[in-house]
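Q: Structure of the sequence below:
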Amino acid sequence: MDGTAAGRLAGAGLRLGTMRRAALLGAVVLGGCFADATSRVVAVDPTSGVNDASTPITISGHHLDVGVDERFDTEVLSIDRSYSARLGERDLTDVRWIDTQTISASVPAGLLPGTYDLLVVGPRRRLTLPRAFTVVSEVLRQDCAPEATRVVDAATLAAAVSSANSSPGEQQICVDAIITLTATLTMTDDLVLYGTPRGALAGDGLAPGATGLVIDGGDVRIEDLRFTTFSTLAVESDSGTLVVRRSVFVDCTEAIDGNTQIEVDRCTFDGGNGAAIRASSVRGAVVRIHHNIVANHARAVQVDDLDEIRIDNNTFHRLTDDALRVDFVAAVRVRNNIFNLFTGDAAELPGSTMAEPATANALTPAVACSSCIFGAGNPVVDCRLTDPDNGDFTLDATSPCIDAGVDVGSLFEGAAPDLGALESR
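A: Numbering: from 1, shown residues only. Reported below is the predicted structural model:
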């Protein structure tokens with residue numbers, strides 16, 4: 001073969017290779033795989049999930065393109081389908097490009113409750129969708145569940161409690177209206193008492209000195225329920241166990257008094273002349289008070305004669321007496337709390353023993369106090385609550401109390417837990 005023929009064959013081969021590459025590139029372009037100005041994320045399905053399990057999601061968009069790397073010395077096109085995604089600062093798992101309109105992923109367990117922006121990063125660009133996904137700690141009840149007894153007045157509530165006391169197994173009662181109590185209700189067996197957004201218990205129909213609810217046996221959970229205007233005491237636990245979660249107590253002289261194992265979690269207490277939470281004579285169990293807001297009370301916590309109490313990540317605001325009164329408790333732990341504008345002492349601990357030094361508590365006394373300082377590691381500092389006098393107890397973005405806590409086993413974002421009841425994101 002002469003040089004001219006070889007040249008013609010080489011040229012034909014070059015043209016054939018170019019045509020093959022062009023065909024491949026054309027297929028990619030027709031498939032919509034090159035990013036353009038219209039690339040965007042438009043939706044996430046589902047839009048919410050609980051944080052105790054991973055949640056598979058589908059991310060929908062337009063022109064969610066792959067990357068293409070063409071080498072001119074070969075006939076091989078490299079297609080880059082790698083995508084990553086995150087909600088806030090947390091990476092999603094199992095992220096997989098499906099096509100130019102779809103990406104699948106999983107939201108991992110353990111995110112703090114709240115609404116998060118979505119960031120999607122592909123080989124060609126970064127795309128965002130504000131307020132894309134909401135994480136909740138539990139499925140919040142908007143309506144009464146089919147298995148619950150729905151109550152809308154004092155008579156149906158009293159009948160439901162009486163029935164629950166004589167029925168085997170855990171019963172559920174759903175408060176779906178504002179109910180004014182006229183007599184104390186006593187619960188003696190396992191029960192979940194919860195409210196919808198329409199539900200509340202009012203105490204202004206009770207006789208002076210009467211308590212609203214008395215737990216006298218069984219395991220009782222009170223969740224998502226609002227209590228108002230109890231002039232003496234809203235809830236008393238004499239035996240069994242009591243857990244109160246995500247509930248609100250407004251203008252209750254005292255809200256909770258437990259002589260048994262109790263846990264108070266993510267509740268708000270606003271207004272009262274006594275202690276918001278009391279406990280006494282609890283043996284063989286730990287009393288846990290965490291992630292609560294107590295404002296405009298005389299005192300936040302008053303306990304005596306316990307084996308152990310843990311007071312973690314609470315926000316105490318404008319208390320007129322000692323914030324904590326802890327008498328004769330064998331083991332006391334006080335961590336990650338905010339004491340804001342209190343006029344007594346942060347804590348009085350007669351006869352009690354700190355199981356570990358009070359740690360990472362921020363104190364902003366309204367007046368000078370003789371024993372308001374826990375010691376080293378508990379700074380006197382303004383945590384810069386956003387607007388506490390109008391009910392906003394979140395931390396300002398410049399707060400020195402962000403990432404300033406110690407790990408007590410609760411979920412947190414960032415390098416360390418924030419101080420106070422509400423973790424920032």
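
Q: max-length strand in this structure?
A: Scanning the chain for the longest strand, with DSSP state E as the assignment, gives strand 268-290.

Q: Give me the distance from that one to the chain's centre.
A: On the basis of CA atoms, centre = their mean, to the nearest Å, strand 268-290 sits 21 Å off its chain's mean C-alpha point.

Q: What's the first helix or strand after it?
A: Going down the chain from strand 268-290, the next helix or strand is strand 293-312, by DSSP states H and E.

Q: which residue is nearest the middle of the protein?
A: Among the residues of the chain, the one closest to the centroid is Pro113, at 3.7 Å (CA atoms, centre = their mean).

Q: Mind listing what's buried along the longest strand of the chain?
A: Neighbour counts over strand 268-290 (16 or more other CB atoms under 10 Å) mark 268-270, 272, 274-279, 282, 287-290 as buried. For glycine as for every other residue, the C-beta is placed from the backbone atoms N, C-alpha and C.

Q: List just the nearest of those to Arg86.
A: His290 (27.9 Å; CB to CB).

Q: That closest one and Thr315 touch, don't they?
A: No. Between His290 and Thr315 no contact is recorded; they are 11.2 Å apart, counting by CB atoms under 8 Å.

Q: Pick the one among the buried residues of strand 268-290 closest to Asp80.
A: When these are compared against Asp80 (criterion: CB to CB), the nearest one is His290, at 46.3 Å.

Q: Toward the C-terminus, what is the element adjacent to the helix or strand of the chain with the lowest mean pLDDT?
A: The helix or strand of the chain with the poorest confidence is helix 3-30; it has a mean of 44 (mean pLDDT, DSSP states H and E). Next in sequence after helix 3-30, counting helices and strands by DSSP H and E, comes strand 40-45.

Q: Show me what that following strand packs onto, helices and strands only.
A: If you count contacts as 3 or more CB pairs under 8 Å, 6 or more residues apart in numbering; DSSP states H and E, strand 40-45 packs onto strand 55-62, strand 114-121, strand 126-136.

Q: try 6 Å this time
A: Judged by 3 or more CB pairs under 6 Å, 6 or more residues apart in numbering; DSSP states H and E, the packing partners of strand 40-45 are strand 55-62, strand 126-136.

Q: among those strands, which is the most enclosed?
A: Neighbour counts (mean count of other CB atoms under 10 Å) averaged over each of those peak at strand 55-62, with a mean of 18.

Q: now the angle from that strand to strand 114-121?
A: Computed with axes from the mean of the first three to the mean of the last three CA atoms, to 10 degrees, the direction of strand 55-62 lies at 50 degrees from that of strand 114-121.

Q: pLDDT wise, what is the nearest residue to the residue nearest to the centre of the chain once chain neighbours are set aside at?
A: In space, and not counting its chain neighbours, Pro113 is closest to Ser137: 4.8 Å by CB to CB, 6 or more residues apart in numbering. If you check Ser137, the pLDDT there is 72.

Q: Report how many residues lie close to Ser137.
A: Counted with other CB atoms under 10 Å, residues neighbouring Ser137 total 18.

Q: pretty sure it contacts Leu111?
A: No. Using CB atoms under 6 Å, Ser137 is not in contact with Leu111, being 9.8 Å away.

Q: who touches both of the two?
A: Common contacts of Ser137 and Leu111 (CB atoms under 6 Å, 6 or more residues apart in numbering): Asn51.

Q: Could you look up the SS state of Ala160?
A: helix (DSSP: H, G, I helix; E, B strand; the rest coil).

Q: Compute the distance between the residue nearest to it when sequence neighbours are not counted and Val214, please.
A: The shortest distance from Ala160 to any non-neighbouring residue, by CB to CB, 6+ apart, is to Thr149 (4.4 Å). Look at Thr149 and Val214: by CB to CB, to the nearest Å, they are 19 Å apart.

Q: where in the stretch 151-300 of the chain is pLDDT low?
A: Counting by pLDDT under 70, the stretch 151-300 of the chain contains no low-confidence residues.

Q: can you give me the strands in it?
A: For the stretch 151-300 of the chain, applying DSSP state E, counting those that start in this stretch gives strands covering 171-175, 178-180, 185-187, 191-195, 200-202, 211-223, 226-228, 233-245, 248-250, 254-258, 261-265, 268-290, 293-312.

Q: Which among these is found nearest to Val380?
A: strand 293-312 (18.3 Å).

Q: tilt between that closest one and strand 261-265?
A: For strand 293-312 against strand 261-265, the angle by the same axes, to 10 degrees is 130 degrees.

Q: Buried residues in strand 293-312, which are they?
A: By neighbour count on 16+ other CB under 10 Å, the buried set for strand 293-312 is 293-304, 306, 308-312.

Q: Give me the helices and strands touching it, please.
A: Using 3+ CB pairs under 6 Å, 6+ apart, strand 293-312 is in contact with strand 268-290, strand 315-317, strand 324-335.
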